[in-house]
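*Asks:* Need coordinates for the following:
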Amino acid sequence: MKKILLLAFVVLFVSSCNNTQNAKINATITDAKDVKVVLQKLNYSKMSVIDTITTDSAGKFKYKVKLPNSSPNFYYLYINDTKVASMVLLPKDNITIVADGKGSYTVDGSLESSNLKKIDSTFYAAVAKMNSLTKEAQTINTDNKDQVKSINRQRGQVYVQQKRAAIRHIMDNPNSITSAVVLFQKFGENLPVFGEMSDVILFKRVYDSLQVVYPESEFMIALMDEINAREKLFEFENKLSSASEISFPDLVLPDMNGNQSILSSLTGKVIMLSFWSVAQTEHKMFNNELKELYSVYRDKGFEIYQVALDVDKPVWASAVQNLPWINVNDGLGTASPAITAYNIKKIPSNFIINRKGDIIARDIFEISKMEEIVKKAL
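*Replies:* Numbering: from 1, shown residues only. Presented below is the predicted three-dimensional model:
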């Protein structure tokens, strides 16, 4: 009898522990009788489908979500391509959603979900206003300077108001995962709400607060990646501003070990600056020819600084591990600042820079011609 009771206790205890990693959703979607609703989860930077749920004859459903951990996780309900509702779920959450199936909804029983709905509503309204002003700007006569100035001023006001609202949310909710969400808001690809260099202070503040509460959250990785990227960019700009004057654009890019390699540190040598991709078979063959040239002239003052425009850095690192010269890659592909600095329109491309820092040749891919130029410059 005691063994039976003990077994029952163990089963009850395990069941109780498992339930602590669950969250419950009680949803009502108007005019959605017997409709399939897709539950999706945000995994770091991409969405994955968790399940497909069918509503009953009243547009209702109940669903128990098995959470992967005790950190807050982002979930979304979709009908076809329309997002019905957004949620931030924590263990033991029991939330109630009433939605119209077109994007408007209410959520109760989850403070984090309520926070997410609040910041989304504010941001989407700001985006709609910004888009409206942008369309209006496209219809006005650019010769009408007063009107252009008025539109730009209004756009600036929308941006400032949104940033102030986001900062206020961060200050009011230091332990909410949604404070991290607002830091990544963007008015289009080229206008992040927090795009200024000094904004890294806010990223650090949010990271320090959330790291204490949710140390295992995958979103801590996203925050730290952003902090590191901004600090490296800040370091890059400082080095450029303090660098001695040179006649070629300087580059500061990470090598295979993550160390920053500075192009201008090679000043005084004859440099071949090369832009390429490991996917280019022909350039791999050219690299083999370069090895012989490099071995002959390296000790005489010849150096190669090779910039890869590959997004997949592990593949790049594997391809260049046996190349004896300086290999760098920031992982940004065609969005790399190096592309803009040297006005690269196609790859491969290369430049020969003499000891004085002057660019004396470009796009030399005939190895004998390359040797002739390098030998003369040395």
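*Asks:* Give the other helices and strands that the helix or strand containing Ile201 contacts.
*Replies:* Applying DSSP states H and E as the criterion places Ile201 in helix 200-213. Using 3 or more C-beta pairs under 8 Å, 6 or more residues apart in numbering; DSSP states H and E as the contact definition, the elements that helix 200-213 packs against are helix 145-172, helix 178-182, helix 219-242. Using the backbone N, CA and C atoms, a C-beta is placed for each residue, glycine as well.
*Asks:* try 6 Å this time
*Replies:* Using 3 or more C-beta pairs under 6 Å, 6 or more residues apart in numbering; DSSP states H and E as the contact criterion, the secondary-structure elements in contact with helix 200-213 are helix 219-242.
*Asks:* low pLDDT regions in the protein?
*Replies:* 1-20, 44, 142, 189, 235-247 (pLDDT under 70).
*Asks:* Break it into its domains for me.
*Replies:* When the chain is parsed with automatic domain parsing, its domains come out as 19-109, 115-235, 252-377.
*Asks:* Let's have the ones you listed in JSON lines, adding mean neighbour count.
*Replies:* Rendered in JSON lines, the data for the domains of the chain read as follows (neighbours: other C-beta atoms under 10 Å):
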{"stretch": "domain 19-109", "mean neighbour count": "16"}
{"stretch": "domain 115-235", "mean neighbour count": "15"}
{"stretch": "domain 252-377", "mean neighbour count": "16"}
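*Asks:* Report the angle between the helix holding Ile201 and helix 145-172.
*Replies:* 30 degrees (axes from the mean of the first three to the mean of the last three C-alpha atoms, to 10 degrees).
*Asks:* export helix 200-213 as CSV, just CAs?
*Replies:* Extracted in CSV, the C-alpha atoms of helix 200-213 (Å, rounded to 0.1, in the frame of the first residue of the first chain):
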residue,chain,number,x,y,z
VAL,A,200,24.6,51.3,-27.1
ILE,A,201,24.2,52.6,-23.5
LEU,A,202,20.5,51.7,-23.6
PHE,A,203,21.3,48.2,-25.1
LYS,A,204,23.7,47.6,-22.2
ARG,A,205,21.2,48.9,-19.6
VAL,A,206,18.5,46.5,-20.9
TYR,A,207,20.9,43.6,-21.1
ASP,A,208,22.2,44.1,-17.5
SER,A,209,18.6,44.2,-16.2
LEU,A,210,17.3,41.2,-18.1
GLN,A,211,20.4,39.1,-17.6
VAL,A,212,19.6,39.0,-13.9
VAL,A,213,16.0,37.9,-14.5
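*Asks:* ok now that helix, how far from the chain's centre?
*Replies:* Distance of helix 200-213 from the chain centroid (C-alpha atoms, centre = their mean, to the nearest Å) equals 17 Å.
*Asks:* distance of the residue lying closest to Val181 once chain neighbours are set aside from Ala166?
*Replies:* With C-beta to C-beta, 6 or more residues apart in numbering as the criterion, Val181 has its nearest non-adjacent residue at 6.4 Å, and that residue is Ile119. To Ala166, Ile119 is 7 Å away according to C-beta to C-beta, to the nearest Å.
*Asks:* Need the overlap of contacts for the two.
*Replies:* Listed contacts common to Ile119 and Ala166 are Val182; contacts here mean C-beta atoms under 6 Å, 6 or more residues apart in numbering.
*Asks:* quick one on the thing from earlier: which residues are in contact with the helix holding Ile201?
*Replies:* Applying C-beta under 6 Å, 6+ apart, the external contacts of helix 200-213 come out as Pro174, Asn175, Ser179, Ala180, Leu183, Met220, Leu223, Glu226, Ile227, Arg230.
*Asks:* show me the contacts for the residue nearest to Val181.
*Replies:* Shown in contact with Ile119 (C-beta under 6 Å, 6+ apart): His169, Thr178, Val182.
*Asks:* before we move on, what SS does it have?
*Replies:* helix (DSSP: H, G, I helix; E, B strand; the rest coil).
*Asks:* quick one: it from Met130, how far?
*Replies:* 16 Å.
*Asks:* Likewise for Lys64?
*Replies:* When C-beta to C-beta is the yardstick, Lys64 and Met130 sit 39 Å from each other.
*Asks:* Which strand residues bridge Thr54?
*Replies:* Listed beta-bridge partners, Thr54: Lys36 (assigned using DSSP bridges).
*Asks:* Look up how far Asn228 lies from Asp93.
*Replies:* Using C-beta to C-beta, one obtains 32 Å as the distance from Asp93 to Asn228.
*Asks:* just to revisit the earlier point, right, and out of the contacts of Ile119, which lies closest to Ser110?
*Replies:* Thr178 (11.3 Å; C-beta to C-beta).
*Asks:* Was I right to think the closest one contacts Leu116?
*Replies:* Yes - counting by C-beta atoms under 6 Å, a contact exists between Thr178 and Leu116, whose distance comes to 5.2 Å.
*Asks:* hmm, back to that, dump the contacts of helix 200-213 into JSON lines; add distance to Val270 as well.
*Replies:* As requested, these are arranged in JSON lines below (distance: C-beta to C-beta, whole Å):
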{"residue": "Pro174", "distance to Val270": "54"}
{"residue": "Asn175", "distance to Val270": "56"}
{"residue": "Ser179", "distance to Val270": "51"}
{"residue": "Ala180", "distance to Val270": "48"}
{"residue": "Leu183", "distance to Val270": "45"}
{"residue": "Met220", "distance to Val270": "46"}
{"residue": "Leu223", "distance to Val270": "43"}
{"residue": "Glu226", "distance to Val270": "38"}
{"residue": "Ile227", "distance to Val270": "38"}
{"residue": "Arg230", "distance to Val270": "35"}
